[in-house]
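> Sequence first, then the predicted structure:
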Amino acid sequence: MSTIEQLKEIFVEYTGKDVEGFNEDTVFTVDMVMNSFEIFGLICEVEEHFEIEIPDRALMKLVTVGDLVNYIDENI
């Protein structure tokens, strides 16, 4: 299963929101209507699932799903 497909599953499980249009260009705060608390919780789920740690300095750069996919792929 690709990274983006795994992220879709994590997103649905964590938020209960629809993933229609969920792609690498999706912006968490705009397209998925997530606040910073929800994004932080999602990142915690992602870290647990992929067994990685995303440092705070990297979090500020993760604006889109594609940013997160690239970070995961580069660090697992």
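Great, that's in hand. Numbering: from 1, shown residues only.
> distance between the least confident helix or strand in the chain by mean pLDDT and the chain's centre?
Least confident helix or strand of the chain, by mean pLDDT, DSSP states H and E, is helix 56-59 with a mean of 92. On the basis of C-alpha atoms, centre = their mean, to the nearest Å, the separation between the geometric centre of helix 56-59 and that of its chain is 13 Å.
> can you list contacts of that helix?
Ile43, Tyr71 (C-beta atoms under 8 Å, 6 or more residues apart in numbering). Using the backbone N, CA and C atoms, a C-beta is placed for each residue, glycine as well.
> same deal with stretch 6-17?
Here stretch 6-17 has contacts from 19, 22, 32-34, 38, 41-42, 45-46, 49-50, 65, 68-69, 72, using C-beta under 8 Å, 6+ apart.
> Let's see that with 7 Å instead.
Val19, Phe22, Met32, Glu38, Gly41, Leu42, Glu45, Val46, His49, Val65, Leu68, Val69 (C-beta atoms under 7 Å, 6 or more residues apart in numbering).
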